[in-house]
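> quick one: sequence plus predicted model below, questions after.
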Amino acid sequence: MYYAQTGDTLAVIRTSDTGLVLLITQKGSKAEQELFDIIGFRQANKETSWWKKLWGQKSDTDQEEYNITSDNLPIDAIKPKTWARVYFTPGLECENNIIAEINQAKKIDIAVYSITNQNIVDALVVAKDRGAKIRIITDRLQSAGKYSLVPYLEEQGFDIVKNKKHKIMHNKFAIFDGKRIENGSYNWTKSASESNAENCSFFEQQDKIYTNQFEYLWDLYDD
């Protein structure tokens with residue numbers, strides 16, 4: 001692919017085991033002619049060739065019409081200057097970065113399966129006391145567990161709803177100021193930091209996807 005040029009022949013070959021082989025031959029080369037012989041293809045007159053009919057009447061030096069641009073693809077464009085940070089546990093990177101986000105946010109929406117991490121909970125209490133608006137969605141069964149800190153958060157006056165319509169609420173994500181997202185396998189628990197193999201990612205929200213899902217779950221469980 002690195003050495004391919006405009007006009008070279010690309011053959012896509014399906015093998016007997018349902019695999020694919022991509023074969024590129026140089027334009028006008030002996031290998032190209034041998035490929036044509038194998039597949040039974042014979043080049044016709046230049047003016048009426050199959051390739052000419054396929055690609056239209058543009059010349060070899062005028063290919064703009066056939067260039068594929070991202071604007072024509074059915075894929076959401078990635079916004080410039082996007083960013084992402086990824087961390088793994090055991091380790092304190094997930095915990096510390098979540099706390100850092102809590103410390104600077106004015107609005108925090110949380111959907112987390114299990115909450116037993118005292119350090120994160122303490123940061124939430126401080127944030128609430130300074131006036132941050134915080135909502136929490138969590139799992140009904142996990143919140144009743146021996147080590148759950150959800151009852152403590154309820155005592156502190158946090159707005160909390162628990163799953164009613166689903167078997168479990170297994171999400172683990174948080175939205176900070178409607179813009180920054182934390183997501184991954186990482187539950188907000190002590191074991192997730194100290195002994196589990198987990199991951200967490202921090203990135204910028206696109207098109208309010210997480211916010212829309214949070215609002216859907218909040219309304220579903222809050223009726």
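Good, I have the coordinates.
> can you map out the helices along this protein?
Secondary structure of the chain (DSSP state H): helices at 30-39, 50-55, 93-104, 118-129, 140-143, 150-155, 190-194, 209-221.
> and the fifth one, what does it pack against?
What it means is helix 140-143. The contact analysis (3 or more CB pairs under 8 Å, 6 or more residues apart in numbering; DSSP states H and E) places helix 140-143 against helix 150-155, strand 159-162. Bear in mind the C-beta positions are built from the backbone N, C-alpha and C, glycine included.
> make a markdown table from those and add mean pLDDT to it.
Formatted as a markdown table, those follow (pLDDT from 0 to 100):
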| stretch | mean pLDDT |
| --- | --- |
| helix 150-155 | 97 |
| strand 159-162 | 96 |
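> please identify the most buried of those.
Counting by mean count of other CB atoms under 10 Å, strand 159-162 has the highest mean neighbour count of the helices and strands packed on helix 140-143, with a mean of 18.
> I'd like the helices and strands packed on helix 140-143 as CSV, with distance to residue 10 appended.
As requested, the helices and strands packed on helix 140-143 are exported to CSV (distance: least, CB to CB, whole Å):
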stretch, distance to residue 10
helix 150-155, 58
strand 159-162, 55
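> re earlier: could you dump the helices of the chain into TSV with distance to residue 86 added?
Listed next are the helices of the chain as TSV, based on distance: least, CB to CB, whole Å:
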stretch	distance to residue 86
helix 30-39	44
helix 50-55	43
helix 93-104	9
helix 118-129	19
helix 140-143	25
helix 150-155	27
helix 190-194	15
helix 209-221	17
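> closest one to residue 175 among the ones you listed?
Closest to residue 175 of the helices of the chain, according to CB to CB: helix 209-221, at 5.3 Å.
> pLDDT-wise, which helix or strand of this structure ranks last?
helix 50-55 (a mean of 51; mean pLDDT, DSSP states H and E).
> re earlier: which one of the helices of the chain has the lowest average pLDDT?
Ranked by mean pLDDT, the helices of the chain bottom out at helix 50-55, with a mean of 51.
> which among the helices of the chain is found nearest to residue 19?
Closest of the helices of the chain to residue 19 is helix 30-39, at 17.9 Å (criterion: CB to CB).
> counting contacts, what elements does the closest one pack onto?
strand 9-14, strand 20-25.
> and of those strands, who's closest to residue 83?
Residue 83 lies closest to strand 20-25 among these, at 33.9 Å (CB to CB).
> then that closest one to CSV, C-alphas only?
Written as CSV, here are the backbone C-alpha positions of strand 20-25 (Å, rounded to 0.1, in the frame of the first residue of the first chain):
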residue,chain,number,x,y,z
LEU,A,20,-9.6,-11.9,2.0
VAL,A,21,-6.4,-11.2,0.2
LEU,A,22,-5.6,-7.7,-1.2
LEU,A,23,-3.2,-7.8,-4.1
ILE,A,24,-1.8,-4.6,-5.7
THR,A,25,0.0,-4.9,-9.1
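> returning to that earlier point: which one of the helices of the chain lies closest to residue 171?
Of all those, helix 209-221 sits nearest to residue 171, with 7.6 Å by CB to CB.
> buried residues in that closest one?
If you call a residue buried by 16 or more other CB atoms under 10 Å, then helix 209-221 has these buried ones: 210, 214, 217-218, 221.
> make TSV out of the residues you listed and add distance to residue 112.
Formatted as TSV, those follow (distance: CB to CB, whole Å):
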residue	distance to residue 112
210	13
214	11
217	12
218	14
221	14
